[in-house]
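Student: next input, structure requested:
(chains A and B)
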Amino acid sequence: MFEKRRCHFTHIFELFARYIYLILVIAVTFAFNIAGNLAGREDIAEDVRNASGFVMSSGLLTVLVVIGSVILLSVVIMLFCVFRWYYTFVSAEENTLIYQSGRFLKKRVAIPFEKINTIDMGRNVFERMVGTCRLKIDTGAYSNNQDKNNAEMNLVFSLREAEEIRAFILSRAELDSRAEDAEKGKTTVAAKEPEWVIRAGMGDFVLYGLTSSSVWKLFWTLVAGFFFVVEIAQEFMEQALDFVAPYAERATDVILGTNLAVVLLGMLVMFLLSALISDIWTVIWAAIRFADFRVAREGRNVIVRYGLITEKNYTLQVRNIHALIIRQNAFQQMLGRCSVEAVCMGFGDEKTETPLLLPIIRTDDLNRLLGVILPEYVAEMNVRPRKKAGIYYHIIRPVIVRGAILGGLYAVCLSFTPAASGLVGALALVLFGGVIANRLLSYRNTTLDWNDNVVSVQSGGFRKVAYRIRTDAVQEVQLRANVIKKHFGVGSYYVHFHGPRLQNTSASYNISDEYFAELADTIED
Amino acid sequence: MEFQRVDKKAKTKWRFSRIIALILAVIPAAALVAMVFVLIGEEEGSETLMMIGWLIAGVMVLVQVLSIFIYPPIEYIQWAYLIAPDRIEIKKGIFYRTHTVIPISRIQHVAVTQGVLQRPFRLSTVQIHTAGDVMEIQELSTEVAEDICSRLQKRVNVKVEQKKGGEARTAAEAGSEV
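Tutor: Residues are numbered from 1 along each chain as shown, chains lettered A, B, ... in the order given. Predicted coordinates for the structure are as follows:
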């Protein structure tokens, strides 16, 4: 229990920063307006008049009035922020955290400790300079307004105070021996550094950035923009031919002919360049954003900390983690790496939050690491055998259908650009190879396993996604099959579970339907 | 425990609502066809176009006829629900069949709704809300629907009490160990 507390006074400046753009917009509008006239040029003044609807005189008085009003506005907003800060309190009663704000328009939020899902301590550059910390408390309650679906409490405290409040809430929420410590005023919990299970290094983030970049997305975009590229390339080719011709002709006359070679080279260079830029960007972004990524298990909580410029410090309660999502794209499958996200109530429902638990780890290490952080999710699975009919639905049918579509597209392309037949053919072949590889992977990756604690649903070809869902978070299971699939004993399983979004579904397609009754029995207990 | 069928009046209701939908769709479509006929009917080479038009219209009418006259009996046979002591099972679909299982303990709340077209037939829909999804048992007679609703409500309460009791026991056991 603690008395009413006010936030750190720097909260005022952080509130003020939200309104700065307003002041800036007004100031810039006036400044341009005056400058337009000051320059004594009718054409500029005319443009300004068109843009803002009026032109002000450039006399000293006007300038002073404008500067004065901008300052006045700033002062008014500043006073408002001070007012907000002065009348915002946090206090704690027996079982609830109470947050109240406002003098005239009063708001009072009471959050029972046991309903608090995540406690997030974040620090941006400014907060690190002045030694404060942003404390967010989230219950994971839904809000009708999607934009407002964020933390219930979001205030700035000094670091020491924030840690005290966090330790207090944790001790209350957990109702374990630490509650007594907190009662005696010994808040040693937060001061002690947790035992980090994983400390992701720089190399990990290079790998994370490289393997999670959107190279494939770019590739598909380029394919989609094929005609456009051909157009551009032909334009460009005529210009560049004089320069490239001596090399290109010699190298590629034999294979495809000059035109095509240049187009192909252009596309390849474009693809590689954009892939390179995107890779560099994702590596830098990941390195800054997730710098010094640490995860630890502490009692009934998982603690996640990361960030170079903006430091994040999440405390997730294990009982609120309902599922893990293990993602692997094509590169990561090749390199034997995967990344793990947590599906946790109240975490990851804000736009800027990524519920990352393990950024990138060896797939072989997955069970060992989870054994330390979340042993609840490690379990021997009974790997269920695949059904032969699945081969038809996973590989043969999609390959035939997609092959036919590609063939049709090829024919259409040819009728438009007969000159580029070799190129289009090569592209279609590459795509067809991709389709086959994707479907083969998809057959291999699709599984459905479960035991008493966890249901594991896995699917996807190049983008492999595995859900490990806590059995008591599963809300319903569904088996879908058409008449023919039913005849062959094949069906798709849909597992709905309770998560921070309104619809949380994982699916595993075209596997034997005989497991359904058993799965349904498992989730009932 | 055996799977229950939906109310017999459901077949009539499905036909009725689909006929209304057909009328609502056919009137503007017919107007459009007439307009096209007036505009290009006399022109050279319009016969192929008209042929394609008639073909599309024919297929659409065929689909509607199927859905009005043929599908309802099949749907009636294939739609089924089962309310067991610990779970609800729902089967749906004509070609694409879905089988859903919801454990009673996961139900958040149950609601009975009645649409405009259901009212004349005294039919209702039971909506079962879980934390992840909403499932519906459609076209039950209103009495059955309300009965199911109240029975489910009681069972959910019992399950919740049991679960709470279980948790309290385990907590007490844990406490005694310490």
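Student: the longest helix anywhere in chain A - contacts with which helices or strands?
Tutor: Identified as the longest helix of chain A according to DSSP state H is helix A:258-289. On a contact count with 3 or more C-beta pairs under 8 Å, 6 or more residues apart in numbering or on different chains; DSSP states H and E, helix A:258-289 meets helix A:202-212, helix A:215-224, helix A:226-252, helix A:421-445. From N, CA and C alone the C-beta is placed, and that goes for glycine too.
Student: what does stretch A:81-94 contact?
Tutor: A:1-7, A:9, A:11-13, A:15-16, A:19, A:97-103, A:153, A:155, A:165, A:168, A:172 (C-beta atoms under 8 Å, 6 or more residues apart in numbering or on different chains).
Student: so which of those are in strands?
Tutor: A:2-6, A:97-101, A:153, A:155 (DSSP state E).
Student: next, residue A:308: secondary structure please.
Tutor: Assigned by DSSP: H, G, I helix; E, B strand; the rest coil, the conformation of residue A:308 is coil.
Student: worst-scoring helix or strand of the chain, pLDDT-wise?
Tutor: No chain was given, so I picked chain A. Lowest mean confidence among the helices and strands of chain A (mean pLDDT, DSSP states H and E): helix A:188-191, at a mean of 46.
Student: meant chain B, my bad for not saying
Tutor: Per-SSE averages on chain B (mean pLDDT, DSSP H and E): minimum helix B:142-177, a mean of 74.
Student: burial check on the residue nearest to residue A:309 when sequence neighbours are not counted, number of neighbours?
Tutor: Counting by C-beta to C-beta, 6 or more residues apart in numbering or on different chains, residue A:309 lies nearest to residue A:125, which is 5.7 Å off, once chain neighbours are set aside. The tally of other residues near residue A:125 (other C-beta atoms under 10 Å in any protein chain shown) stands at 10.
Student: pretty sure residue A:492 is touching residue A:510, no?
Tutor: Yes. Counting by C-beta atoms under 8 Å, residue A:510 is a contact partner of residue A:492 at 6.1 Å.
Student: would you map the helices across chain B?
Tutor: Under DSSP H, chain B gives helices at B:9-40, B:46-65, B:71-78, B:142-177.
Student: next, the contact list for residue A:106, please.
Tutor: Per C-beta under 8 Å, 6+ apart, neighbours of residue A:106: residue A:100.
Student: distance of it relative to residue A:99?
Tutor: 12 Å (C-beta to C-beta, to the nearest Å).
Student: likewise residue A:446?
Tutor: With C-beta to C-beta as the criterion, residue A:446 and residue A:99 are 47 Å apart.
Student: more neighbours: the two, which one.
Tutor: Legend: neighbour count by other C-beta under 10 Å for residue A:446 and residue A:99, higher for residue A:446 (24 against 19).
Student: per-residue pLDDT of the more buried one, please?
Tutor: The per-residue pLDDT reported for residue A:446 equals 89.
Student: up against chain A, what does chain B have?
Tutor: B:86-87, B:89, B:93, B:95-103, B:105-106, B:130-133, B:135 (C-beta under 8 Å from any C-beta of the partner chain).
Student: can you say which of those are buried?
Tutor: B:87, B:89, B:93, B:97-103, B:105-106, B:130-133, B:135 (16 or more other C-beta atoms under 10 Å in any protein chain shown).
Student: what about residue A:492 and residue A:510, which has more around it?
Tutor: Using other C-beta under 10 Å, the more surrounded residue of residue A:492 and residue A:510 is residue A:510, with 25 against 22.
Student: look up phi and psi at that one.
Tutor: phi 50, psi 60 (degrees, to the nearest 10).
Student: try residue A:290
Tutor: Backbone torsions for residue A:290, taken as degrees, to the nearest 10, come to phi -100, psi 20.
Student: how about the contacts made by the most centrally placed residue in chain B?
Tutor: For chain B, residue B:138 is the residue whose C-alpha lies nearest the centre (C-alpha atoms, centre = their mean; 4.8 Å). Residue B:138 sits next to B:6, B:10, B:79, B:125 when contact means C-beta under 8 Å, 6+ apart.
Student: strands along the stretch 51-200 of chain A, start to end?
Tutor: A:89-92, A:96-101, A:107-112, A:118-123, A:132-138, A:153-158, A:196-199 (DSSP state E, counting those that start in this stretch).
Student: buried deepest among the helices of chain B, which one?
Tutor: helix B:71-78 (a mean of 15; mean count of other C-beta atoms under 10 Å in any protein chain shown).
Student: what is it packed up against?
Tutor: Partner elements for helix B:71-78 (3+ C-beta pairs under 8 Å, 6+ apart): helix B:9-40.
Student: let me know the angle separating the helix it packs on from helix B:71-78.
Tutor: Interaxial angle, helix B:9-40 versus helix B:71-78 (axes from the mean of the first three to the mean of the last three C-alpha atoms, to 10 degrees): 150 degrees.
Student: and helix B:9-40, what does it pack against?
Tutor: Against helix B:9-40 (3+ C-beta pairs under 8 Å, 6+ apart) you get helix B:46-65, helix B:71-78, strand B:123-130, strand B:134-141.
Student: using JSON lines, lay out those together with mean pLDDT.
Tutor: Listed next are the helices and strands packed on helix B:9-40 as JSON lines, based on pLDDT from 0 to 100:
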{"stretch": "helix B:46-65", "mean pLDDT": "80"}
{"stretch": "helix B:71-78", "mean pLDDT": "89"}
{"stretch": "strand B:123-130", "mean pLDDT": "89"}
{"stretch": "strand B:134-141", "mean pLDDT": "88"}
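Student: what's the closest of the ones you listed to residue A:482?
Tutor: helix B:71-78 (12.1 Å; C-beta to C-beta).
Student: which other residues reach the closest one?
Tutor: Contacts of helix B:71-78 (C-beta under 8 Å, 6+ apart): B:5-6, B:8, B:10-11, B:14-15, B:91-94, B:97.
Student: now with 10 Å, please.
Tutor: Under the criterion C-beta atoms under 10 Å, 6 or more residues apart in numbering or on different chains, residues B:5-8, B:10-16, B:18, B:63, B:65-67, B:91-95, B:97, B:138-139 lie in contact with helix B:71-78.
Student: tell me the domain boundaries of chain B?
Tutor: Chain B breaks down into these domains under automatic domain parsing: B:9-77, B:80-177.
Student: so for residue A:138, which of these sits nearest?
Tutor: Nearest to residue A:138, of these and by C-beta to C-beta, is domain B:80-177 at 17.2 Å.
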